[in-house]
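S.K.: The following block contains a protein sequence and its predicted model.
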Amino acid sequence: MGATEDKTASLGSGPLGLDGWVEFNRRKWGVTPLTIHHARSGSRWPELRAVLYLNERSQVVVPPLHPYVALSFHATPTRQTSRASAQWLELAGLFLQDVNSRRLGTPLPLPPDVTDLRPFQWSGYAVGLRYTCLLEFPYSLDLAEGSVRTAIQKARRLDYRCERTTNMRAVASCLEATEHRQGFTHQLTVDDLNLLQTLLGEEHLRAYICYGADGTAAAAQLILHQPGARAIGWVAGAHPARLQDGVNQLLEHETVHDLQAAGASGYDLAGANLPSVAAAKLKWGGQLVAYGTVEEAGLAAGLRKAKRWWQGRGSFWVWGVCYACADGVLPVSAL
């Protein structure tokens, strides 16, 4: 977070702040949304908005498959970085009052744009770091490694084609193929995907699918999108027999092209924390970026974390998010 000349310093929540996304999480995961807004009286800026979710015990939680807290901050337009920083500290402190009045049921992943984590440290929370890979637009495939371009060319030689789709059953078949191969579940049904598509609309939930020459679905992914904001890779999957054909690379290439045309400011590849995942994503020439995680400190918090790990060890669930990605498959969650 910082100021830039003659521009409003901002942290945008992007598609995670859309009403349809919030409503989907309420219906699907049984959480209660809590909308937070702080601003100085009588002025537009500085302003902080956020959406938190509460479980049945009124604890602040992150729903499954939810990459970051939806948080946006706008400072008063200024050339003085100290002024923008002071405004962030002021409003972040008010935001933390909302959080402090409740307990954290899960750690909170903050969006990558939140780089000043001091307010959370000063409030006694344990602050950690995770990583993701960002592509800024405009993007050129020239930034990618040669192996990426070679895989794309292979897929085209084999007559694979990619397109936008509303066929959530075909998308689900690709997700299920990855689930079966890697032994986990997204906990998403075809009805869930259709519900999200209804709530968000085709503009904001962009479904991409790669078909083989025989017309069968080979790979698919769902992207959360809001024009003017950074798009976020949400879930994806591919049939194992197609992995060596370059289908994931072709699908990602076509996705990036479409997102640029749709007005996205960039693309969050959603996670770079496992060695194989990070290596695959960085081949696209993106930027490795850290984002903060906030959780309660102390022995009791440590025991709760250990309990969550133990309960989720079979299906590889941590903090309510499913972590599974290997063999070059696109991420199925925020890794």
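M.R.: That came in fine, so what should we check first? Residues are numbered from 1 along each chain as shown.

S.K.: pull the helix or strand with minimum mean pLDDT from this protein.
M.R.: None of the helices or strands of the chain scores lower by mean pLDDT, DSSP states H and E than strand 317-318, at a mean of 36.

S.K.: how about the strands of the stretch 1-150 of the chain, start to end?
M.R.: According to DSSP state E, counting those that start in this stretch, the stretch 1-150 of the chain carries its strands in the segments 10-11, 32-39, 47-54, 60-61, 70-74, 108-109, 126-136.

S.K.: quick one, phi psi at Thr78?
M.R.: phi -160, psi 160 (degrees, to the nearest 10).

S.K.: what is the rounded mean pLDDT of stretch 114-130?
M.R.: Across stretch 114-130, pLDDT averages out at 96.

S.K.: now stretch 150-166
M.R.: Averaging pLDDT along stretch 150-166 gives 98.

S.K.: Pull out the buried residues from that stretch.
M.R.: Judged by neighbour count using 16 or more other C-beta atoms under 10 Å, the buried positions of stretch 150-166 are 151-152, 154-155, 160, 162, 165. Any C-beta I mention is one placed from the backbone N, CA and C, and that applies to glycine too.

S.K.: Reformat those residues as a markdown table; add distance to Cys174 and secondary structure.
M.R.: Converted to a markdown table, these look like this (distance: C-beta to C-beta, whole Å; DSSP: H, G, I helix; E, B strand; the rest coil):
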| residue | distance to Cys174 | secondary structure |
| --- | --- | --- |
| Ala151 | 17 | helix |
| Ile152 | 18 | helix |
| Lys154 | 19 | helix |
| Ala155 | 15 | helix |
| Tyr160 | 13 | coil |
| Cys162 | 12 | strand |
| Thr165 | 11 | coil |
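
S.K.: closest to Asn248 among those?
M.R.: Ala151 (7.8 Å; C-beta to C-beta).

S.K.: Leaving out chain neighbours, which residue sits closest to the closest one?
M.R.: Using C-beta to C-beta, 6 or more residues apart in numbering and skipping the chain neighbours, the partner closest in space to Ala151 is Gly246 (3.5 Å).

S.K.: Leu259 too?
M.R.: Ala231 (4.9 Å).

S.K.: cool, Arg102 as well?
M.R.: The nearest residue in space to Arg102 (C-beta to C-beta, 6+ apart) is Val60, at 5.2 Å.

S.K.: can you check Arg26 too?
M.R.: Distances taken as C-beta to C-beta, 6+ apart put Pro33 closest to Arg26, at 5.7 Å, once the chain neighbours are dropped.

S.K.: ok, now how distant is that neighbour from Asn100?
M.R.: From Pro33 across to Asn100, the span is 19 Å (C-beta to C-beta, to the nearest Å).

S.K.: same thing with Asp268?
M.R.: Separation of Asp268 from Asn100 (C-beta to C-beta): 28 Å.

S.K.: Show me which of those two is the more surrounded one.
M.R.: Higher neighbour count among Asp268 and Asn100: Asp268, with 27 against 14, using other C-beta atoms under 10 Å.

S.K.: doesn't Asp113 make contact with the more buried one?
M.R.: No: under the criterion of C-beta atoms under 8 Å, Asp268 makes no contact with Asp113, lying 10.5 Å away.

S.K.: related to what we said a few turns ago, what's in contact with the host helix or strand of the residue nearest to Leu259?
M.R.: Assigned by DSSP states H and E, Ala231 belongs to strand 230-238. Identification of contacts with strand 230-238 by C-beta atoms under 8 Å, 6 or more residues apart in numbering yields 12, 14-16, 65, 67, 134, 174-179, 186, 188, 206, 210, 218-225, 247-248, 259, 264-270, 329-333.

S.K.: Inside strands: which ones of those residues?
M.R.: Of these, the ones assigned to strands by DSSP state E are 134, 206, 210, 218-224, 266-268.
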